[in-house]
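Q: Everything below, folded, please.
(one chain, ligands or ions: 1)
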Amino acid sequence: MKTYRTGVVGTGFIGKVHIETVRRLNNVEVVALTDSFNAEASADLLNIPNYFSDYKEMIDTMNLDMVHICTPNNTHFEIAMYALEHNVNVICEKPMCTSIEDAKALVAKAKEKKLVAGINFHNRFYPMNNHLKNIIADGDLGDIFAITGNYMQDWLLYEKDYSWRLNSKESGNTRVIADIGSHWMDLAEYVTGQKIVAVNADFSTIHPTRKKPKKTVLAFSNERFSDDDYEDVLIDTEDNASVMFRFSGGAKGSAFFSQVIAGKSVAIDLTIGGYKKSAEWNSDAVNKLVIGNRDSYNEVLEKGISTVHANTIPLVAYPFGHAEGFPDAFKQSFKSIYASIGTPDAPHEHATFEDGLHEMILCEKIFESNQQQRWVTIPEESN
Ligand SMILES: NC(=O)c1ccc[n+]([C@@H]2O[C@H](COP(=O)([O-])OP(=O)(O)OC[C@H]3O[C@@H](n4cnc5c(N)ncnc54)[C@H](O)[C@@H]3O)[C@@H](O)[C@H]2O)c1
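A: Here you go, the predicted structure:
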């Protein structure tokens, strides 16, 4: 078995998760990391032999098979393009980048180089979501007419909560949509097989001005400083977004996305309505799926090799009753992406740069819809 040489760029919150979970694959060695801040300390903490402050130096010298991009959104394009140009496969965090033009250029470059270019939409890889996809495809719920839900968080509730994500220069035009709405939309489309074809959005920002710490803070940090250590900054991204959707198969639905709902640390809900049954998956109980019946008891399915759809069995790593969560979904996402190296066009379950481009178009059209306060159609080429 070949062992792939991997380098990770960005070792904040999610970079560390990438390193821990990709190391659980038997054919990957994380040989280097890059971080523009404290790379040596991260390498020491994570026991990685080589560290850099500049990703170009890492890519030029480390003979890598794969680069994982785990930096703020506005840096994804240049890092991904540099890796692809130097014949290195890429796993990029969502959102893929910050403009449709950049996303199109990355899709073209990955195709030209015949490299694997994956986006880490890991929610696809909870076994019960894959099961849901398969039973919908089998017609168990009947034709789908409703796709609804939400993704709520609370880590930006207070005026003193701060992150690079709040600033459109680093986040892109949207924040809540690009950061968490993108996960929900990818999951909704993946499980139903229906693409979003029109959107109508309404945004709100509860803190038009926030207190930005003068010192660097990590994402999701609860660190607090004295009042003198903050400066007032104007916020140009949304805290809340309500979006109505029309889907390609005729389904309709809506979702509420927010980073300021107290008590909702990570609350994802996806409810699907079909003519025979409904289904609901919720991030509070990722190993369960609720099937709703009109004329009998509702069913609560639990993840297990004997309970999931035959196509889902490869995603079940542990026996019945043993929970599989966030890091396990990452591992499965990476397993799928690494398995595509050398055959990027073969069938697979993971999100690709094409899916990343589609999400960029959705983000931009939702932004436009909110600005113009009207329905906006998603261009057909995106679907
Ligand atoms: N899939 C998921 O569930 C998930 C969850 C969280 C974050 N993300 C995505 O991961 C990315 C990173 O988010 P995060 O929460 O880890 O942010 P973070 O702020 O915790 O970490 C970012 C890291 O990147 C480093 N960095 C910044 N610019 C750099 C550059 N040019 N070169 C090298 N290092 C650089 C920073 O020093 C920091 O260590 C974002 O795109 C975010 O949307 C995805």
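Q: CA only for contacts and neighbour counts going forward, please
A: OK.
Q: Spell out for me which residue occupies the centre of this structure.
A: Nearest to the geometric centre of the chain sits residue 121, at 3.8 Å (CA atoms, centre = their mean).
Q: That one and the ligand, how far apart?
A: 6 Å (CA to the nearest ligand atom, to the nearest Å).
Q: got the contact list for that residue?
A: 93-94, 183, 186-187, 333, 350-351 (CA atoms under 8 Å, 6 or more residues apart in numbering).
Q: Give me the pLDDT for the residue nearest to residue 206 when sequence neighbours are not counted.
A: Using CA to CA, 6 or more residues apart in numbering and skipping residues adjacent in sequence, the residue nearest residue 206 is residue 239, 6.5 Å away. pLDDT recorded at residue 239 is 98.
Q: now swap in the one 3 residues further on and tell me
A: Confidence per residue is given as pLDDT, and for residue 242 that number is 98.
Q: so which strand or helix has it?
A: Residue 242 is part of strand 240-247 when elements are defined by DSSP states H and E.
Q: Show me what the helix or strand that comes right after that strand is packed up against.
A: Where DSSP H and E defines the elements, the next helix or strand beyond strand 240-247 is strand 252-258. When contacts are defined as 3 or more CA pairs under 8 Å, 6 or more residues apart in numbering; DSSP states H and E, strand 252-258 packs onto strand 144-152, strand 240-247.
Q: Strand partners (parallel or antiparallel) of the last one?
A: Strand 240-247 has these partner strands in its sheet, going by DSSP bridges: strand 196-204 (antiparallel), strand 252-258 (antiparallel).
Q: what angle separates it from strand 144-152?
A: With axes from the mean of the first three to the mean of the last three CA atoms, to 10 degrees defining the directions, strand 240-247 sits at 160 degrees from strand 144-152.
Q: Work out the gap between strand 240-247 and the centre of the chain.
A: 18 Å (CA atoms, centre = their mean, to the nearest Å).
Q: Strands along the stretch 1-150 of the chain, start to end?
A: Remark: strands assigned in the stretch 1-150 of the chain by DSSP state E, counting those that start in this stretch are 4-9, 28-34, 50-52, 66-69, 89-92, 117-119, 144-152.
Q: what secondary structure does the residue sitting furthest away from the middle of the chain sit in?
A: The C-alpha centroid of the chain is most remote from residue 295, which lies 36.6 Å away (CA atoms, centre = their mean). The local conformation at residue 295, judged by DSSP: H, G, I helix; E, B strand; the rest coil, is coil.
Q: now the helices: where do they sit in the stretch 151-300 of the chain?
A: 168-171, 176, 182-192 (DSSP state H, counting those that start in this stretch).
Q: pull the CA atoms of stretch 307-314 into PDB?
A: Extracted C-alpha coordinates of stretch 307-314, given in PDB (Å, rounded to 0.1, in the frame of the first residue of the first chain):
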ATOM      1  CA  THR A 307     -29.800  -1.500  10.300                       C
ATOM      2  CA  VAL A 308     -28.300   0.700   7.500                       C
ATOM      3  CA  HIS A 309     -28.800   0.500   3.800                       C
ATOM      4  CA  ALA A 310     -26.400  -2.000   2.100                       C
ATOM      5  CA  ASN A 311     -24.600   1.000   0.300                       C
ATOM      6  CA  THR A 312     -24.000   2.600   3.700                       C
ATOM      7  CA  ILE A 313     -22.200  -0.300   5.400                       C
ATOM      8  CA  PRO A 314     -18.700   0.800   4.400                       C
END
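Q: returning to that earlier point: and the two most separated of the contacts of residue 121?
A: Taking CA to CA, the two most distant members of those are 93 and 187; they sit 15.2 Å apart.
Q: who in this structure is up against the ligand?
A: 9-15, 34-37, 70-73, 75, 93-95, 120-121, 179, 218-219 (CA under 6 Å from any ligand atom).
Q: burial measure for the closest residue to residue 56 other than its chain neighbours, as a count.
A: For residue 56, ignoring the flanking residues on the chain, the nearest one in space by CA to CA, 6+ apart is residue 82 at 7.4 Å. Neighbours of residue 82 under the rule other CA atoms under 10 Å: 16.
Q: measure residue 82 to residue 30 for me?
A: 19 Å (CA to CA, to the nearest Å).
Q: got it, and residue 132?
A: 33 Å.
Q: Comparing those two, which residue is more hemmed in?
A: Legend: neighbour count by other CA under 10 Å for residue 132 and residue 30, higher for residue 132 (26 against 23).
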